[in-house]
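K.L.:
Structure for the following, please:
(4 chains)
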Protein chains: 2
Amino acid sequence: MTDEKDFLSGYDPGDFPAFAVTADVVLLTMRAGRLCVLLIERGGPPFKGMWAFPGGFVKLDENLDQAASRELQEETGISGIDLTQFASYGDPDRDPRMRVVTVSYLAVVPDLPSPQASTDAAKARFWPVDDVEGTLAFDHDRILGDALSHLRTVVEYSPLAASFCEREFTVADLRRVYESIWGVDLDPSNFQRKVLGIDDFLVPTDRQSSSSAGGGRPARLYRLGKVSELRPPILPPD
Amino acid sequence: MTDEKDFLSGYDPGDFPAFAVTADVVLLTMRAGRLCVLLIERGGPPFKGMWAFPGGFVKLDENLDQAASRELQEETGISGIDLTQFASYGDPDRDPRMRVVTVSYLAVVPDLPSPQASTDAAKARFWPVDDVEGTLAFDHDRILGDALSHLRTVVEYSPLAASFCEREFTVADLRRVYESIWGVDLDPSNFQRKVLGIDDFLVPTDRQSSSSAGGGRPARLYRLGKVSELRPPILPPD
DNA sequence: ACAGTTTTTGTCATACCGACTATATCTGTG
DNA sequence: CACAGATATAGTCGGTATGACAAAAACTGT
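P.N.:
Numbers count the residues shown, from 1 in each chain, chains lettered A, B, ... in the order given. Here you go, the predicted model:
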């Protein structure tokens, strides 16, 4: 067996392949019923002019979660939201300049009024995911695909989908989130029965939404409850 | 904004915090109805005499999956099994000697006849997970906890639990896997109806198991089908 | 007033689930 | 060889969840 075997016992600190480690954030939101992702345009080579996720080097005195939070805060002004790690990427040629391993996080926010513009970055904006698939810098296309796949699965069993909605939202708001994520149409009646039947998922308020343009009955407003796992799960149709 | 912001465009290669990157493998199996994990005893400091997962440095010319496969092969002789990445860990003090980020993989195998002994490592063995929780080197207790939590969730929706069984196995074999993973008792009759009702999950053979000591009707043998997602999922009781 | 829209409740047949019973088929023992 | 004990497998039954659909409620705009 090689000397790699006892790597944890007999080596000199400093005697190891040196990697750069970054934390990337796939920040998703819903705009006009379309799933959108926050991207930053690259100002220099490689991949100059292409778009990539916000992210950056992990510092020597912070952990991975902190690095992701900090980078998101620095580049978008957003803080206080849930970041969940979903995968790491380290192919040898994923960055032509050096060996980089990136730890990827998924974040979900409601449609942002304009905090986006408050940063100095004129080159940061949301893109509909269908409009950018296959065009991103580095291996970010693959990362985006994995993030979306992860999202489609996670919303079945966790209340994450509600993070796309404002603090108070209607059942129809939530239904449209699921429809966008899965790319399907859901029966409003059956969806309502299902989500309201899950304990501690949606807690009703005494308020209701002003009916949107084009009419329709106003809908009751709900807040996200304290549920952590949806039982039974919300499964997509066949 | 700091210069971290444009980390992908304007820096000198080599001008970044240097990390060691390792791939660890949490290899699980089932022995006598108990969930067991493969561990290696540490021969030197730090954590000398304690037990840790197999794993080692990622090389500069291989990707993360390859590193995990190679380390598993080198340290246990096992190859050709599914390795799925489930989380990465990089707290600043997780290794007292240097800054290490580890990418963790989960592997599941049937009870091994003895391939284990074929390696030179007299210090490698399987431990029941209940007997080692809270005693591992580094942050491997946390990693093991996350791996088990991941396992308990994944077996609900994927056929991964069948990887604990031999190539041909009975419904009762599979049921005992779920019972061990979840720590519950399942009704044999209802479990049978459920798993046989999932398309392409279990494909029957024309053979049956020799009835075990103590008697009992022999059970039909099945092979794992080509299903990738269990619909409906197999959910644990309340 | 009326058409159009959306929310919300209700109906109904079917599928699924947990608890339980019954039957099939083996081992081991006297 | 009869019979107890064990395990596998099939079936029953009531309660619950589900999908397709109908209907009523409550708004907007003309």
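
K.L.:
correct me, but A:N63 touches B:D93?
P.N.:
No. With contact defined as Cβ atoms under 8 Å, A:N63 does not reach B:D93; the gap is 9.2 Å. C-beta: built from backbone N, CA, C; applies to glycine.

K.L.:
Neighbour count for the two, which is higher?
P.N.:
Using other Cβ atoms under 10 Å in any protein chain shown as the criterion, A:N63 and B:D93 rank with A:N63 on top: 18 against 10.

K.L.:
Now do stretch A:59-67: distance to the chain's middle.
P.N.:
Centre-to-centre, stretch A:59-67 and its host chain are 19 Å apart (Cα atoms, centre = their mean, to the nearest Å).

K.L.:
and if you look at stretch A:162-177?
P.N.:
Counting by Cα atoms, centre = their mean, stretch A:162-177 comes out at 16 Å from the chain centroid.

K.L.:
For A:V108, what are phi and psi?
P.N.:
When read as degrees, to the nearest 10, the backbone of A:V108 gives phi -130, psi 130.

K.L.:
Pull the contacting residues for the nearest residue to it once chain neighbours are set aside.
P.N.:
Spatial nearest neighbour of A:V108, excluding adjacent residues (Cβ to Cβ, 6 or more residues apart in numbering or on different chains): A:S163 at 4.0 Å. Neighbour list for A:S163: A:81-82, A:108-110 [criterion: Cβ atoms under 8 Å, 6 or more residues apart in numbering or on different chains].

K.L.:
what does chain A have sitting close to DNA strand D?
P.N.:
Neighbours of DNA strand D within chain A, by Cβ under 7 Å from any atom of the strand: A:187, A:189-190, A:193-194, A:197, A:210-211, A:213-218, A:232, A:235, A:237.

K.L.:
Kindly recompute the last result at 6 Å.
P.N.:
Residues of chain A lying near DNA strand D by Cβ under 6 Å from any atom of the strand: A:187, A:189-190, A:194, A:211, A:213, A:215-218, A:232, A:237.

K.L.:
Ranking by neighbours, what's the top pick from those residues?
P.N.:
A:K194 leads the residues of chain A next to DNA strand D on contacts (other Cβ under 10 Å) with 19 neighbours.

K.L.:
Quick one: mean pLDDT over the one helix or strand it maps to.
P.N.:
Per DSSP states H and E, A:K194 falls inside helix A:188-196. Helix A:188-196 shows a mean pLDDT of 98.

K.L.:
hey, where'd the helices end up in chain A?
P.N.:
Secondary structure of chain A (DSSP state H): helices at A:64-76, A:129-132, A:140-157, A:171-182, A:188-196.

K.L.:
what's the most buried one of the ones you listed?
P.N.:
Of all the helices of chain A, helix A:64-76 has the most neighbours on average by mean count of other Cβ atoms under 10 Å in any protein chain shown, namely a mean of 21.

K.L.:
quick one, phi/psi of whichever residue of chain A sits closest to DNA strand C?
P.N.:
Nearest residue of chain A to DNA strand C: A:G216, at 2.1 Å (Cβ to the nearest atom of the strand). Note on A:G216: its backbone torsions stand at phi 110, psi 150 [degrees, to the nearest 10].

K.L.:
Need the pLDDT of it.
P.N.:
On pLDDT, A:G216 comes in at 93.

K.L.:
ok, back up a step: I'd like the helices of chain A as CSV, with distance to B:R175 appended.
P.N.:
Output for the helices of chain A, formatted as CSV (distance: least, Cβ to Cβ, whole Å):
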stretch, distance to B:R175
helix A:64-76, 38
helix A:129-132, 41
helix A:140-157, 23
helix A:171-182, 32
helix A:188-196, 29
